[in-house]
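# Pasting a predicted model and its sequence here:
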Amino acid sequence: MANLPILQFEEKIVETVEKNPVVVIIGETGSGKSTQLSQILHRRGYTKSGVIAVTQPRRVAAVSVARRVAQELDVNLGEDVGYAIRFEDRTSSKTRIKYLTDGVLLRESLSNPMLDDYSVIILDEAHERSLNTDILLGLMKRLVRIRSSNFKVLITSATLDGDKVSEFFSGCPVLNVPGKLYPVEILYSKERPGSYIESSLNVAIDIHVREPEGDILIFMTGQDDIEKLVAKLEDKVRSIAEGSCMDAIIYPLHGSLPPEMQVRVFSPPPPNCRRFIVTTNIAETSLTVDGVVYVIDSGYVKQRQYNPSSGMYSLDVIQISKVQANQRAGRAGRTRPGKCYRLYPLAVFRDDFLDATVPEIQRTSLAGSVLYLKSLDLPDIDILKFDFLDAPSSESLEDALKQLYLIDAIDENGAITSIGRTMSGLPLEPSLSRTLIEANENGCLSQALTVVAMLSAETTLLPGRSKPNEKKRKHEESNLPDGSGFGDHIQLLQIFECWDRNNYDTQWCKENDLQVRGMVFVRDVRKQLCQIMQKLSRDRLEVGARGRKGSGRDGDYRKLRKALCVGNANQIAERMLRHNGYRTLTFKPHLMEVHPSSVLSTDNEGMMPNYVVFHELISTTRPFMRNVCAIEMSWVAPIKKKIEKLDVRKLSGGGSASSVKEHGEKTEVSENKSEETPAVSENVESRIEAARERFLARRKGQK
DNA sequence: GAGCACTGC
């Protein structure tokens, strides 16, 4: 601790914080900023007037840093030093230094907008620019203006972003704290390789044969490429003559790997053995692997983006930013001087790479955040002009408003409704919180709680891809319920009910190919939602997961599906005549299909339901709806009326009611009703036709 | 008949 670089800057930091309400700290890796800044200010008396809060983008970080600081101060965790993350609050009235995720701080500010328990708020890792951090930055800017002068905000950032943050906070001072990294030599390729898998392979083997010991960390974009490269590396390493160089172990590392496979990289290698770790950008920030001396950087990353005009997500391989490239290179210099092989030329880095990663706020749906800001009721803040470090596009904000309007969270003038207020108290995306509220009124809350909890953990439920033949076998043997033909939401409900009947047995999860971690998370979420709903409702609610009462004759799940329809009024698709392609009611027309993994079934003619709600639109090889549920036309009618009335300019608080209402939005929607949708090509039609025939053939075969 | 970067309330 004594040799942490940041401690040499203690006087300078204290002096600057004393004189300024906001200070930006550029703290390189290993500077000790996450553990020391709070302690320095604690020593200097800043905890006398309030608690020092330090936010982290990740839960594990909040916990581990808090634990570390408690150790250094020799106090019990949860007393003077504590942490708060979802499901776990380890703080007490004694707590002076509190580590928390930025999501938790946003929740706190909902019930206490002045955040006046805190004398200092440190936004750590702000350069990662998570959606939550960006909203907090905006809120902090407002807070320092309206709270007394002894309230302090510290923001830690990356070298390339510091001036921008300082400018945002009216030119506040920027302090540089050097890190404890060893120098890393950067080597550029002469040109972009045709295949970065091949190129990585060659570079890695070259290092292995020529360079002294030290592990190699290779950044790829995804599981597929990682598996390919791992296989090639194993081949090559085996073909190298025994004894001509040291041994080698090759590890893949990515998020869908089971935890026990992920932690293998933390155990030290056998002697005289070099480790090759082929990773996604999980090793860029979330996981730190010791012993790495060589980094190979493909220069690419896979990123999820949202298109507000189509309501569609896509997962694209894109070029990394300079900040990311430097972060990756830094992974080579943690234990001794290292080398970073960039598989792209210096000119590309210098001229093509963005300085910083496009912040999440500019590539995600903002419905939840806009509702959050609306619910804060800040008198001096206009939602569409909210002071963001990087503003989202007006298109994206308008999309959020439209969505919120359709699910009754805001009225036609853009003002938050009482439903919207209730929704913002639930830690869910808006469509899910709306579903819960509707379900509560329809008497199917218990089922909805389960569906919503399952959906918010959906990606962590199923294990990573298995080998094709192995998977086929498992699929056929699956004893899991099938949604009774109504679709994926119903299946998710039935799966959880099964698990409940099996007394939450972890073995049952394993037997049914469900990730234990994911299911346990669902249970936690469900429990948390139950508690919140109980608080909101004066009556005692029926929330048992088994839901035997009242659901006996409800074999068609009508109440639940209707609640889902209301909650997903912004995500309804209408089937086109004569084939199983769909289009949304609210977005620019695109042909979409039900994702093949869906359990939604067709009728006797092989046709899908006329109307479905979907949880997500994702464009991969084609646009797909993931997680769909059959709904009825009569439920959709009132929503269609509402869509016709929709007037975005009024929602965003501009223009008067009648004068604005012309074509624009309206024509777009009514055009959708014609049978010919622009995005439908013959090619797609015939593909769907073919799919339908295949389906019918398969069904006949089964009978 | 398709396919999953990473977080978080």
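Yes, it's here. Computed from a predicted structure; not experimentally measured.
# Please count neighbours and contacts with C-alpha atoms only from this point.
Will do.
# Please list the residues of the stretch 501-650 of chain A that sit near DNA strand B.
A:595-597, A:619-622 (C-alpha under 7 Å from any atom of the strand).
# Which one of those residues sits in the busiest neighbourhood?
Top of these by neighbour number is A:His595, holding 17 neighbours under the definition other C-alpha atoms under 10 Å.
# mind listing what that residue touches?
Taking C-alpha atoms under 8 Å, 6 or more residues apart in numbering, we find A:His595 in contact with A:624-627.
# wait, which of the residues you listed is closest to DNA strand B?
Lowest distance from DNA strand B to these (C-alpha to the nearest atom of the strand) belongs to A:Phe624, with 7.6 Å.
# Name the SS class of the closest one, please.
strand (DSSP: H, G, I helix; E, B strand; the rest coil).
# any idea how far it lies from A:Met576?
Per C-alpha to C-alpha, to the nearest Å, A:Phe624 is found 15 Å from A:Met576.
# Those two: who's more crowded?
A:Phe624 (22 against 19).
# Just confirm that one contacts A:Ser597, I think it does.
No - here A:Phe624 does not reach A:Ser597: they are 10.3 Å apart, not a contact under C-alpha atoms under 8 Å.
# Would you mark the buried spots in stretch A:598-614?
For stretch A:598-614, burial by neighbour count (16 or more other C-alpha atoms under 10 Å) applies to A:598-602, A:606-614.
# Provide a list of residue ranges in chain A with pLDDT below threshold.
A:1-2, A:160, A:241-243, A:379-383, A:462-478, A:538-554, A:654-703 (pLDDT under 70).
# Of all residues in it, which one is closest to DNA strand B?
For chain A, C-alpha to the nearest atom of the strand, closest residue to DNA strand B: A:Gly255, 2.8 Å.
# which residues does the residue nearest to that residue when sequence neighbours are not counted contact?
Spatial nearest neighbour of A:Gly255, excluding adjacent residues (C-alpha to C-alpha, 6 or more residues apart in numbering): A:Ile282 at 6.9 Å. Taking C-alpha under 8 Å, 6+ apart, we find A:Ile282 in contact with A:253-255.
# how about the host helix or strand of A:Ile197: buried residues?
In this assignment (DSSP states H and E), A:Ile197 forms part of helix A:196-210. For helix A:196-210, the neighbour count (16+ other C-alpha under 10 Å) marks A:196-197, A:199-201, A:204-205, A:207-208 as buried.
# go on, stretch A:521-528?
Within stretch A:521-528, the residues scored as buried using 16+ other C-alpha under 10 Å are A:521-523, A:525-528.
# Run a quick check on A:Asn580 versus A:Tyr611, I expect a contact.
No - using C-alpha under 8 Å, A:Asn580 makes no contact with A:Tyr611, being 10.9 Å away.
# In the record's domain split, what are the boundaries for chain A?
A:5-177, A:184-358, A:430-567, A:568-702 (automatic domain parsing).
# Name the residues of the stretch 51-200 of chain A found near DNA strand B, please.
Residues of the stretch 51-200 of chain A lying near DNA strand B by C-alpha under 7 Å from any atom of the strand: A:57-60, A:85-86, A:101-104, A:107.
# mind redoing it with 10 Å?
By the rule C-alpha under 10 Å from any atom of the strand, the part of the stretch 51-200 of chain A lying against DNA strand B is A:56-63, A:84-89, A:100-108, A:130-132.
# ok, A:Phe168 - how many residues close by?
For A:Phe168, using other C-alpha under 10 Å, the count is 17.
# neighbours around the closest residue to it other than its chain neighbours, how many?
With C-alpha to C-alpha, 6+ apart as the criterion, A:Phe168 has its nearest non-adjacent residue at 6.3 Å, and that residue is A:Leu389. Around A:Leu389 there are 18 other residues, counting by other C-alpha under 10 Å.
# Hmm, A:Leu389 is touching A:Glu167, no?
No - applying C-alpha under 8 Å, one finds A:Leu389 not in contact with A:Glu167, separated by 9.3 Å.
# Please name every helix or strand in contact with the helix or strand containing A:Leu493.
Using DSSP H and E, A:Leu493 maps to helix A:488-501. In terms of contacts (3 or more C-alpha pairs under 8 Å, 6 or more residues apart in numbering; DSSP states H and E), helix A:488-501 is packed against helix A:445-456, strand A:623-631.
# right, is the helix or strand following the helix holding A:Ile197 up against DNA strand B?
Per DSSP H and E, the first helix or strand lying C-terminal to helix A:196-210 is strand A:215-219. No - figure legend: strand A:215-219 not in contact with DNA strand B (C-alpha under 10 Å from any atom of the strand); closest approach 10.9 Å.
# Appreciated, that's everything.
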